[in-house]
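Undergrad: next input, structure requested:
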Amino acid sequence: MRNNTSPEIDRILVGIGAARPPVGMTTKVIAIDGPGGAGKSTLAERLSDALGNTPILHTDDFASWDNPVDWWPRVITEVLEPLSVNQSGRYQRYDWPSRATAEWHDVPPAPYVILEGVSASREAFRPYLCYTIWVETPREERLRRGLERDGMDARELWEGWMAEEDAYIEREHPVRRADIVVTGTGPY
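TA: Take a look at the predicted model:
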């Protein structure tokens with residue numbers, strides 16, 4: 001683990017250090033969950049750096065505008081199940097601009113793997129996770145960030161996406177099961 005971290009990252013590192021991987025796994029899978037535009041990717045980058053450039057698995061590599069939250073079986077079969085028996089996972093990334101699958105990625109067992117994105121701490125993933133983080137950010141700020149990144153033409157897509165996220169949050173209440181809740185508006 002690296003020095004020069006923020007107090008928020010330091011708190012997370014303490015929690016991760018105390019967490020144990022599921023029985024039989026050598027990899028500690030850390031989920032960073034929260035709605036779109038909350039700041040999950042930024043936190044994942046900071047945490048990856050603090051953990052010595054830990055690999056980050058983005059749920060956006062599986063999700064799409066047409067399938068915002070029901071892509072999860074692929075994550076289990078292609079990545080989490082292999083990691084659970086200390087073998088490499090392998091998946092084909094979804095490319096948002098072309099709306100098609102792209103290159104293949106390997107995910108070897110490592111001390112840590114960060115699973116980052118909307119619904120990263122969903123119930124189906126919990127048997128493989130050792131630590132979960134929920135990133136909380138006001139809805140207006142999330143939409144602003146999303147439209148800044150994707151353009152105003154994506155507003156309708158973002159509104160549909162946010163409705164799917166709302167349904168996931170209402171159904172699973174991920175914030176209640178998080179090991180830590182952080183704000184997506186503060187420094188990491």
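
Undergrad: going forward, measure contacts between C-alpha atoms and count neighbours the same way
TA: OK.

Undergrad: below-threshold pLDDT in this structure: ranges please.
TA: With pLDDT under 70 as the threshold, the chain has low-confidence stretches at 1-4.

Undergrad: can you give me the helices in it?
TA: With DSSP state H applied, the chain shows helices at 7-18, 40-50, 72-75, 81-84, 139-150, 155-172, 174-177, listed in chain order.

Undergrad: with mean neighbour count as extra columns, can I get those helices in JSON lines?
TA: Compiled in JSON lines, the helices of the chain are given as follows (neighbours: other C-alpha atoms under 10 Å):
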{"stretch": "helix 7-18", "mean neighbour count": "14"}
{"stretch": "helix 40-50", "mean neighbour count": "20"}
{"stretch": "helix 72-75", "mean neighbour count": "16"}
{"stretch": "helix 81-84", "mean neighbour count": "21"}
{"stretch": "helix 139-150", "mean neighbour count": "15"}
{"stretch": "helix 155-172", "mean neighbour count": "15"}
{"stretch": "helix 174-177", "mean neighbour count": "16"}
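
Undergrad: so in terms of bridging, what pairs with the residue nearest to the spatial centre of the chain?
TA: Ranked by distance to the mean C-alpha position of the chain (C-alpha atoms, centre = their mean), the top residue is residue 116 at 1.5 Å. Here residue 116 sits in beta bridges with residue 32, residue 58, as judged by DSSP bridges.
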